[in-house]
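# here is my input, please return the structure:
(2 chains)
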Amino acid sequence: MTAATAQPPTPAKTDVTKRLNRIGAARELGILLALVIVVVAATVANPNFLFSSDGFRDLLLTPSILVLVAVGQAIVLITKNVDLSVGSVLGLTAYLTGRLFIDIPGIPIIAVFLIGIVFGGLLGLVNGALVAFAKVPAMVITLGTLYAYRGINVLWTGSDRVNASDLPREFLALGTGQILYIPILTIIAVVVLIVAAWVMKNMRSGREFYAIGSDPAAAELYGLRVTRRLLTAFVASGALSGLAGVLYAARYGTINSQAGSGWELDAVGAAVIGGVAIVGGVGSVWGAAIGAVLLLTINRALPILGIPDFWQRAVVGVLIIGAIVLDRVLALRQKRKLLEARDDS
Amino acid sequence: MTSITTGAPARSYPAYARPLWKRVLLTREMAIIALLVIVVIVASATVRGFGQPITMTYLLLDVAPILLIALPMTLVMITGEIDLSVGSMVGLASVTTGVLTQSGMPFELAALIALLVGGLGGAFNGFLVTVVGLPSLAVTIGTLALFRGLAVGLLGTTAVTEFPEFWTDLAKAKIGETGIPVIVIPFLVLLAVFAIVLHYTPFGRGIYAIGLAKEAAHFSGVKVERTKFILFVLTGLVSALAGIYYTLRFGSARGDNATGMELQVIAAVVLGGVSVFGGRGALHGVVAGVLLIGVLASALRLANVTSDVINIITGALLVISVVSSSLLAWLARKRRSAGGPQRDSVSTAG
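As a prediction, the model looks like this:
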């Protein structure tokens, strides 16, 4: 493809190739391809992985809760911050959900959902306020609240725990139920994902998250309401973790004080695998969601492929490193192309 | 201070600096050390059994791995980078030692190979951060999973518990009748080495320079990438050392050893006054930070407070300490801009 042969093609043709190139370069597609390969390989090794009703259901159901948390995490990461407290928020909300059903018999399920989301949002607001007003790095603040929220959870729960028998049957049915073969949790996750993706792509507030993450100082000078946007991002992350906590209760039924511990790294890992840059301003909630699905699907696929699932975390580590190296290589290539384009003109 | 208000043309810079006693005593590090002393005194007076040597022994044995890893972590964080993979490296070094000892290799050689693994793991982090140019937070989240995965993959859910008695005893041994564990000696040696390197060598000054302004450090002749690479290797090595100690202390090599320790180390380092943005921090503050968390945990446990309330206190302490220092800085800025004379004379000078 020297310059001489590149000259003749008609504009229409270059348009098509350009568009194809753009699709090919999209990080989400690469990670989606990896997901498809994992699913196909596992299905070839054991058709039950996909084609039994349980296998298909698990494929959709298992990652749904992490998808919610990862979407929230992606929004925070895009603003050049990080929320390490998501696992603790999830655990605290899950226990709150159980307590609500036990302490207020006959409470409507929709009310529990609303309380869970608002409660998570409030915990996120604490994070956001500390980050936005005290100007302390989000990593430190949310590391602090990771401990504090978990501590409150343990203090509250003690050695107690919520059992499935404490929860109303209709609520538990949400966790395992399906509509037209699609698990209800998955439908909730997909709806949230579509709304979040639409906001991030089309709404002013969504674009401002990217602007703030790309260059906080410039965003401030330009007059964007940085404080308010940061608060929104953390509240969104908290509220989604809260929703995830309610769904966690519905899905698993048993909730002890350690529910959701360690999820912060899974959520950040999912986002990073999905192409959300940890330095802010880059990525999409789609990517984070696909990353979350890939992370948990590998977990189930490994034993079927004959690899003991002890190696799951190692595979996840290689994936995370591979994803960020790939990002770097693509970024360098694009930079070189842009330089060439400038020199040519 | 009064000389400023005369508005004399001669401006000597010491007049703008804070007095020496203020500069030494009113620092983040001193505040943490003071808090540590207060907590120790209050705990000794109110908590039954806290003042006893056996308590101190267990306290030091418990915080030893965190103390060890906090040393190189401080240096890494002063350059503005971070290493989240340390807890997993403790686990991997533990498993390496265990698996090799189990296969019949002498323990000493196995431990040496575990150290080598630590160095290699650190070099891998360093390579990805400095040569490939990736953000260390992302890289070490990856290696956090990778190292833990290798550790768990190698041993599964089993554990190796056969280690030479000489070494397992040494890990818990005390110096004579004092109740001070032997582990304190190698720690003090390492502390001295790291303190000298950080505070008294050009390499150490380069570490601060990198954290304050990477470009400026580069143009001043600081080998930015090489320095960072060395620091990641050091962190890997020391984490492996902590892993070997951890194995001996509990007489057990397991894949899930020290899970989550990375967050404890970082919490202690940040509490000790190191900025996650880099460029600021000192080892005496970090040691005090680690001990403060350890002492609080130990005292509360003895006072029959459930061990998990400690999580709230650790978290709250971390948040309060960083928020309060940023609040104080904000107040100082406000006072400076309100109290005219200093600012005026500076602006005429510039």
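
# the residue most central in space within chain B and chain A, how far apart?
Geometric centre of chain B, nearest residue: residue B:70, 2.2 Å, by CA atoms, centre = their mean. Computed as CB to the nearest CB, to the nearest Å, the residue B:70 to chain A distance reads 15 Å. From N, CA and C alone the C-beta is placed, and that goes for glycine too.

# that residue and residue B:268 touch, don't they?
Yes. Assessed by CB atoms under 8 Å, residue B:70 is found in contact with residue B:268 at 5.6 Å.

# excluding its backbone neighbours, what's nearest residue 214?
With no chain named, the answer covers chain A. In this structure, residue A:214 finds its nearest non-sequential neighbour in residue A:281, 3.4 Å apart by CB to CB, 6 or more residues apart in numbering or on different chains.

# my bad, chain B
Closest residue in space to residue B:214, ignoring its immediate chain neighbours: residue B:224 at 5.9 Å, by CB to CB, 6+ apart.

# isn't the one you found up against residue B:213?
No. Counting by CB under 8 Å, residue B:224 does not reach residue B:213; the two are 10.5 Å apart.

# near residue B:324, how many residues? Count them for me, please.
14 (other CB atoms under 10 Å in any protein chain shown).

# residue boundaries of the strands in the stretch 151-300 of chain A?
Here the stretch 151-300 of chain A has its strands, by DSSP state E, counting those that start in this stretch, at A:178-179, A:182-183.

# how distant is the first one from the center of its chain?
Between the mean C-alpha point of strand A:178-179 and the mean C-alpha point of its chain there is a distance of 23 Å (CA atoms, centre = their mean, to the nearest Å).

# check the last one too.
Its chain's C-alpha centre lies 19 Å from the corresponding centre of strand A:182-183 when counted by CA atoms, centre = their mean.

# and it, which strands flank it?
Applying DSSP bridges, strand A:182-183 is found paired with strand A:178-179 (antiparallel).

# for the chain, give me the ranges with low pLDDT.
This is for chain A. A:1-26 (pLDDT under 70).

# try again with chain B
For chain B, the ranges with pLDDT under 70 are B:1-18, B:22-26, B:306-308, B:338-350.

# which helix runs longest in it?
When chain B is parsed with DSSP state H, its longest helix is helix B:309-338.

# my guess is residue B:275 contacts residue B:282. True?
No. Residue B:275 lies out of contact with residue B:282 (CB under 8 Å); the separation is 11.2 Å.

# quickly list what's touching both of these two.
Among the neighbours of residue B:275, none is also in contact with residue B:282 (CB atoms under 8 Å, 6 or more residues apart in numbering or on different chains).

# residue 322: neighbour count?
In the absence of a named chain, this looks at chain A. 14.

# hmm, no, I was thinking of chain B.
For residue B:322, using other CB under 10 Å, the count is 25.

# residues contacting residue B:216?
So residue B:216 contacts residue B:209 (CB under 8 Å, 6+ apart).

# so who does residue B:299 touch?
Here residue B:299 is in contact with B:39, B:43, B:47, B:50 (criterion: CB under 8 Å, 6+ apart).

# so how do I select the buried members of the residues you listed in ChimeraX?
In ChimeraX syntax, the buried subset of the contacts of residue B:299 is picked out as below (16 or more other CB atoms under 10 Å in any protein chain shown):
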select /B:43,47,50
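
# what's the distance between the strand or helix carrying residue B:112 and the middle of its chain?
Remark: residue B:112 resides in helix B:107-126, with elements defined by DSSP states H and E. The chain centroid and the centroid of helix B:107-126 are separated by 20 Å under CA atoms, centre = their mean.

# can I get the helix or strand that that helix is followed by as PDB, trimmed to CA atoms?
Using DSSP H and E, the next helix or strand after helix B:107-126 towards the C-terminus is helix B:136-155. Output of helix B:136-155 as PDB, limited to C-alpha atoms (Å, rounded to 0.1, in the frame of the first residue of the first chain):
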ATOM      1  CA  SER B 136       1.100   1.600  37.100                       C
ATOM      2  CA  LEU B 137      -2.300   1.400  38.700                       C
ATOM      3  CA  ALA B 138      -3.600  -0.600  35.700                       C
ATOM      4  CA  VAL B 139      -0.500  -2.700  35.400                       C
ATOM      5  CA  THR B 140      -0.400  -3.700  39.000                       C
ATOM      6  CA  ILE B 141      -4.200  -4.500  39.000                       C
ATOM      7  CA  GLY B 142      -3.300  -6.900  36.300                       C
ATOM      8  CA  THR B 143      -0.300  -8.400  38.100                       C
ATOM      9  CA  LEU B 144      -2.300  -8.500  41.300                       C
ATOM     10  CA  ALA B 145      -4.600 -11.000  39.600                       C
ATOM     11  CA  LEU B 146      -1.700 -12.700  37.700                       C
ATOM     12  CA  PHE B 147       0.600 -13.300  40.700                       C
ATOM     13  CA  ARG B 148      -2.400 -14.400  42.900                       C
ATOM     14  CA  GLY B 149      -3.500 -16.700  40.100                       C
ATOM     15  CA  LEU B 150      -0.100 -18.300  39.800                       C
ATOM     16  CA  ALA B 151       0.000 -18.800  43.600                       C
ATOM     17  CA  VAL B 152      -3.400 -20.300  43.800                       C
ATOM     18  CA  GLY B 153      -2.800 -22.300  40.600                       C
ATOM     19  CA  LEU B 154       0.400 -23.900  41.800                       C
ATOM     20  CA  LEU B 155      -1.000 -25.100  45.200                       C
END
